[in-house]
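Attaching a predicted model along with its sequence, questions to come.
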Amino acid sequence: MENITYEQALMELQQIVTALESGEIGIDELSAKTERATTLIRFCQEKLRQTEDRVNSLFEND
């Protein structure tokens, strides 16, 4: 995935969800937007997991 931050990925994901909910995305775009949303969700989940691991390791060392 390109070099984006968690916040940027989350913002893009929120924009996709808003567009889907409002009907702004046509059937031709639906597949691409759904695939992008899936990629963003996985990216965010991985970032959160990495952050959780780092925080846990800090507490384990104390």
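Thanks, I have the structure now.

My guess is Ala9 contacts Leu40. True?
Yes. Using C-beta atoms under 8 Å, Ala9 is in contact with Leu40, at 4.9 Å. C-beta here means a position set from N, CA and C on the backbone, and glycine is covered the same way.

show me where the chain has strands.
For the chain, strands defined by DSSP state E do not occur.

May I have the phi/psi pair for Ile4?
Torsion angles at Ile4 (phi, psi; degrees, to the nearest 10) stand at phi -130, psi 160.

Specify the helix with the largest residue count in this protein.
Using DSSP state H, we find that the single longest helix of the chain is helix 27-60.

for the record, mean pLDDT for that one?
Helix 27-60 carries an average pLDDT of 94.

Give the other helices and strands that it contacts.
Judged by 3 or more C-beta pairs under 8 Å, 6 or more residues apart in numbering; DSSP states H and E, helix 27-60 is in contact with helix 6-22.

follow-up on the earlier one: next, the angle from the longest helix of the chain to helix 6-22.
For helix 27-60 against helix 6-22, the angle by axes from the mean of the first three to the mean of the last three C-alpha atoms, to 10 degrees is 140 degrees.

Flag every buried residue along helix 27-60.
By 16 or more other C-beta atoms under 10 Å, the buried positions in helix 27-60 come out as 33, 37, 40, 43, 47.
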